[in-house]
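Enquirer: Sharing a model prediction with you, sequence too.
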Amino acid sequence: MRLRIDFAYDGTDFSGWAAQPGYRTVEAELSAALTTILRAEQPVRLTVAGRTDAGVHAAGAVCHADVDAQAYAALPGRSDHPPEVAAVKRLQGVLPSDVVVRSVVPAPEGFDARFSALRRRYRYRLCDDITILDPVRRRDTVVRKHPLDVEAMDAAARKLLGLNDFAAFCKKRVGATTVRTLLDYSWSRSSTGVLEATVVADAFCHSMVRALVGVVVPVGEGDRDVDWPYDVLAGGMRHPAVTVMPAHGLSLMEVVYPPDDEVAVRAREARARRD
């Protein structure tokens, strides 16, 4: 049977999501925990909605796993908890404190955590005044030395919306497309004075969000005009003046899926290559 797993993590001490020999990763920790509670003979394999880099956090991550149905049904043991409740309790008993599983439920027919997703929402946090930085938030907030014009950054960001080839902001992979639909990219200053970006797209390619942040920071610092980020996009290639911003300011906040009876259709659509 296929399970949908919703979870969160502090990415500070992880080498990203993907399992790598000799490194501590979110995938390895979660797979090991599932393998333990299900008493599986082979490590449980996971498919995630968004493969985050080292240091990136997640408040609303989703993955799926195909597991033995009888092992899942047996999770409550002698308790009267349903399997989905028992699964969460047991996982939290073996997972480290920087990973929290929010729910474990049987997935609808045709569900794929990666390809069934309609959109992903990320947040990026910048502080341009060290005197207002909350030390508790130092792990998810990047500090800039110069004041930032949030209105200019917001105006520049909105020029990048829509269906485009984001090759200028992605690390290319052989055979992979860099065409994406950027649904929302906006900047605002929170009540605490910290700048927050909301970035939403149907999907993201490697380093895309941090590069999108990096292209508007020079606008906020007054070094570039508001049209420059769009010029970089139109150029179609990585620009040396665009900095890929530090990972720890980025958090995956939400993954949105269609109704259960539409997840299989969405998965088929998302697998089609876009040119």
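Expert: That came through, no problem. Residues are numbered from 1 along each chain as shown.

Enquirer: and the residue lying farthest from the centre of the chain, what helix or strand is that in?
Expert: Relative to the centre of the chain, and counting by CA atoms, centre = their mean, the farthest-placed residue is Arg78 at 36.9 Å. In the assignment (DSSP states H and E), Arg78 maps to no helix and no strand.

Enquirer: And what about the closest residue to Arg90 other than its chain neighbours, helix, strand or coil?
Expert: Distances taken as CB to CB, 6 or more residues apart in numbering put Ile37 closest to Arg90, at 4.3 Å, once the chain neighbours are dropped. C-beta coordinates here come from the backbone N, C-alpha and C atoms, glycine included. Per DSSP: H, G, I helix; E, B strand; the rest coil, the secondary structure class of Ile37 is helix.

Enquirer: Measure how buried Ile37 is and give me the count.
Expert: Ile37 has 20 neighbours, counted by other CB atoms under 10 Å.

Enquirer: Does it touch Leu95 like I think?
Expert: No. Using CB atoms under 8 Å, Ile37 is not in contact with Leu95, being 9.8 Å away.

Enquirer: Distance check, Val67 against Ile37.
Expert: Going from Val67 to Ile37 by CB to CB, to the nearest Å gives 10 Å.

Enquirer: Identify the contacts common to those two.
Expert: By CB atoms under 8 Å, 6 or more residues apart in numbering, Val67 and Ile37 have no common neighbours.

Enquirer: Wait, a strand at Val200?
Expert: Yes. With three-state DSSP as the criterion, Val200 is located in a strand.

Enquirer: Starting from Leu34, give me the distance back to the closest residue to it other than its chain neighbours.
Expert: Closest residue to Val200 apart from its sequence neighbours, by CB to CB, 6+ apart: Asp184 at 4.0 Å. Here Asp184 is placed at a distance of 33 Å from Leu34 (CB to CB).

Enquirer: out of these two, which sits in the busier spot?
Expert: Neighbour comparison, Asp184 and Leu34: the larger count goes to Leu34, with 27 against 14 (by other CB under 10 Å).

Enquirer: Over to that one. Which of the three states is it?
Expert: Local secondary structure at Leu34 is given as helix here, using three-state DSSP.

Enquirer: show me what contacts it?
Expert: 40, 44, 46, 65, 67, 91.

Enquirer: can you check Thr12 too?
Expert: Applying CB under 8 Å, 6+ apart, we find Thr12 in contact with 55, 57, 98, 139, 248.
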